[in-house]
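[1] 3D model of this:
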Amino acid sequence: MTQLDGSAVPGPAAPAGPPPAQPPAPPAQPPAGADYAAYAPTATGFPTQAPPPPGAAPVGPYDPAPGAPYATDGGQGYNTGGYNFPQQPGYSYPGAPTPPKRNPVMLWGGIIGGVLAIAIVIALVVLLKDPSPAPNPGPGPVSTDGTSDGPTNDPAPGPAAKGATFNVAWTAPKGANTDGANQMLGVWGTDKLAVRADSTGIKAYNLTDGKEAWTIPVPAGSKELCTASYAANSKSIAAVSFNTGDSDCSTVGAVDLTQGKLLWSVKVSADRMSSPTLSVTDNVVAIGGNMVGALNVTTGQPAWQYQPRDKDCSVRGRAAGAQIAVSDRCYGGSGPKSQLVIVNAETGKATSTPITLTGSIEQVDQVVQDKPLVLLMSSGPQGDYILPFDKDNKPGNQMSVKEAGSDSLRLSGQDEALSRNVVSGSTLYVQVSGTKPGINAYDLNTGKRLWAATTSSATNDMRLVSGTDKDGKVRAVVEQGYDKPARLVTLSPTDGSMADIGTIAMSNGLDIGSSTSEYVISDDGLAVYAFRRYSSTDGPLTKWKK
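    Presented below is the predicted three-dimensional model:
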C-alpha cells in the first residue's frame with residue numbers, strides 16, 4: 001500500500017486478495033473532454049469477504065474484516081475532544097475558548113460538529129450581538145392563518161439594522177482556474193487556518209491576513225478531488241476521495257490540516273465508487289457508498305467492512321459523523337427485500353434495529369444531520385421523506401418533503417459544502433426559493449410547517465448561516481440591495497421574527513450570493529467568513545471583522 005505519490009503508507013500492508021463481492025455501481029460519466037489516465041492502485045484497502053459456507057453460522061453484517069480487529073475507543077464512546085453535544089451543529093473559527101460547530105462541519109480551533117453535531121460533533125458558536133439587540137420594526141409575529149403555506153414573517157426594510165458593523169478584513173485572491181470547474185467540496189479550520197477543498201486541490205489561508213499558507217494539489221495518478229469529509233476530527237485530520245480515472249472515486253486519503261500534508265491514500269474497493277461520503281473520528285475514516293467500512297485514521301489499514309446480509313444484496317451507505325446509515329436491496333433469500341440500519345463508524349456494530357423499507361427502490365439519500373440523526377430517504381411509497389431519529393436511534397415520524405401547493409423541499413446533506421438547511425432541537429430550518437427567497441421552519445415531530453420568513457423584496461436574497469448560536473438560534477444573512485450592507489440576524493424559533501445582530505459591509509459589488517456562498521461565524525463572534533462555491537467568483541474566501 002502506498003500513497004498516490006508513491007511513498008509508503010505507515011503500518012503493515014493490507015492483506016492481499018480479491019475485492020469483496022458487490023454489484024457494480026452504475027457507470028458514471030466523466031466530464032466531457034477529460035483525458036482520463038488509468039490509475040493502477042498498489043493495494044485494495046479491504047480483503048476478500050467471502051459468504052459463509054452452507055450450514056455455517058452466518059457472518060453478521062457488522063463483523064470485522066478477517067484479520068482486522070475492531071477499532072476501539074477505550075470504552076469511552078466517540079471521542080469528541082471533551083465537548084458535549086449541543087443541540088446544533090456549526091462551523092466555528094478561533095476566538096473564544098468554546099469549541100466550534102455547524103452544518104457542514106469544520107474543525108475550528110478545536111473539534112467540530114455537525115448539524116446538531118456532525119460526525120464530529122459540535123462546539124459552541126458564540127452569538128454575535130449587542131447586549132440588547134433591537135428587533136427589526138417589521139410586522140413581527142404572524143398568527144397561523146390555516147393555509148397550507150402557514151404563517152409568514154415579511155420584514156419591512158425599516159431603519160438601518162442595529163448592532164455591530166462587520167467590514168471586509170480581506171478577500172483571498174482568485175485562483176488561476178476561472179472556468180467554474182473548481183467546485184467547493186468542503187471547508188475546515190484550525191486555530192490559525194481556514195481550509196477550502198475543491199476539485200482542484202486543498203488550500204489553507206491564514207486567518208489573520210488571508211494569505212495562502214499551504215496547498216495540496218491533486219496528486220499524481222488522479223485527475224481531481226471527488227468528495228471531502230463534512231468535518232475534521234479533534235486532531236485536525238480530514239478526509240478526501242480522488243478520481244483516479246473514469247470517474248472512479250474509490251481511492252480515499254487522510255489530510256493533516258496542521259501540516260498541510262496528505263498522510264496516506266488507499267483504494268478501498270475494486271468496484272467503481274462515483275461519490276463516496278466520508279467522515280473522520282479520532283480513530284477511523286468512515287466510508288459510505290456502494291461499499292461501507294472504515295480505515296484506521298493513522299495508517300489507512302482496514303478497521304472493518306460491512307457485510308451484506310445476503311450475497312445478492314447491494315448496499316448504499318451514507319457517512320453520518322460517528323455513524324453510517326446503510327440501506328440495502330436484496331434479490332434472494334428470506335427477510336425484507338430492503339432495509340435500513342445505522343452502524344457505529346468505529347466498530348461497524350449496529351446501533352439501531354433494522355427498519356424495513358417498502359418502496360420499490362427506497363434507500364437512504366442524504367444525512368441532513370448526524371446527532372440526533374436526521375436522514376433524507378428517497379423513493380418511499382409516498383415519495384421522498386425526512387426520517388428523524390431520537391438519541392437512541394429510534395426512528396420518529398416520516399415527514400414528506402412535498403407540501404401541498406408548494407415545491408418539494410431541496411435539502412443539503414452533510415456531504416455537501418453548501419448548507420440549505422439547519423436543525424436545532426426538533427426544528428428543521430430550510431432555505432427555500434420561489435416568488436420570494438426565504439426560510440421555512442418545520443416541526444420534525446409532526447412534519448408541520450411552523451412559519452415562513454421572507455425578504456422584503458423578491459430581488460433580495462436570504463441565506464442561512466451554518467449552525468446555530470450558543471442558545472440554539474438560527475442565523476441568516478439578509479440582502480438589502482446592491483452595494484448596501486446586508487443584515488445579520490437571528491430568527492425566532494417560535495415565529496421567524498428577526499432580531500438584528502449587525503450589518504455586513506457589501507462593498508465593491510459583493511452580494512450575499514445565496515447559491516454560491518457558505519457563511520460561517522467565528523466562535524468569538526468577532527468575524528464572519530464566506531466560502532465561495534467557485535473561487536472564480538469574488539475570490540474563494542472573504543473575512544469580515546467587527
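[2] and residue 421, how far is that from residue 282?
    27 Å (CB to CB, to the nearest Å). The C-beta positions use only the backbone N, C-alpha and C, and glycine is treated the same way.
[3] more neighbours: these two, which one.
    For the pair residue 421 and residue 282, the greater number of neighbours falls to residue 421 (27 against 20), based on other CB atoms under 10 Å.
[4] what backbone torsions are found at the more buried one?
    phi -150, psi 150 (degrees, to the nearest 10).
[5] in space, what's closest to it - neighbours in sequence excluded?
    Spatial nearest neighbour of residue 421, excluding adjacent residues (CB to CB, 6 or more residues apart in numbering): residue 430 at 4.7 Å.
[6] now the helix or strand where that neighbour lies - C-alpha only, CSV.
    Per DSSP states H and E: residue 430 is located in strand 427-432. Taking C-alpha atoms only, strand 427-432 is exported to CSV below (Å, rounded to 0.1, in the frame of the first residue of the first chain):
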residue,chain,number,x,y,z
THR,A,427,-37.0,22.1,14.3
LEU,A,428,-35.8,21.9,10.8
TYR,A,429,-35.0,25.2,9.1
VAL,A,430,-34.9,25.1,5.3
GLN,A,431,-33.8,27.7,2.7
VAL,A,432,-36.4,28.0,0.0
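[7] mind listing what's buried along the helix or strand just after it?
    The C-terminal neighbour of strand 427-432 among helices and strands, as given by DSSP H and E, is strand 438-443. Buried residues in strand 438-443, counted by 16 or more other CB atoms under 10 Å: 438, 439, 440, 441, 442.
[8] equivalent analysis for stretch 275-290, please.
    276-290.
[9] any chance of a markdown table for the buried residues of strand 438-443, columns pLDDT and distance to residue 203?
    Shown next, in a markdown table, are these (pLDDT from 0 to 100; distance: CB to CB, whole Å):
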| residue | pLDDT | distance to residue 203 |
| --- | --- | --- |
| 438 | 91 | 33 |
| 439 | 95 | 31 |
| 440 | 96 | 35 |
| 441 | 97 | 35 |
| 442 | 97 | 36 |
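[10] mind giving me the packing neighbours of the helix or strand hosting residue 450?
    Secondary structure assignment for residue 450, by DSSP H and E: strand 449-454. If contacts are counted by 3 or more CB pairs under 8 Å, 6 or more residues apart in numbering; DSSP states H and E, strand 449-454 sits against strand 152-153, strand 438-443.
[11] so which of the ones you listed comes closest to residue 499?
    strand 152-153 (11.7 Å; CB to CB).
[12] before we move on, the earlier item: now, the buried residues of stretch 275-290 that are in strands?
    Taking DSSP state E as the definition of strands, these contribute 277, 278, 279, 280, 284, 285, 286, 287, 288.
[13] how about those, which pair is most distant?
    The most widely separated members of these are 277 and 284, with 13.9 Å between them, by CB to CB.
[14] related to what we said a few turns ago, take the buried residues of strand 438-443 and write them to JSON lines, including distance to residue 272.
    Formatted as JSON lines, the buried residues of strand 438-443 follow (distance: CB to CB, whole Å):
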{"residue": "438", "distance to residue 272": "40"}
{"residue": "439", "distance to residue 272": "38"}
{"residue": "440", "distance to residue 272": "37"}
{"residue": "441", "distance to residue 272": "40"}
{"residue": "442", "distance to residue 272": "36"}
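[15] tell me the spacing between the residue lying closest to residue 505 once chain neighbours are set aside and residue 544.
    Setting aside the residues directly before and after it, residue 505 is nearest to residue 167 in space (CB to CB, 6+ apart), at 4.8 Å. To residue 544, residue 167 is 6 Å away according to CB to CB.
[16] again, but for residue 166
    4 Å.
[17] in which helix or strand does residue 499 reside?
    strand 498-504.
[18] same check on residue 264?
    Using DSSP H and E, residue 264 maps to strand 261-267.
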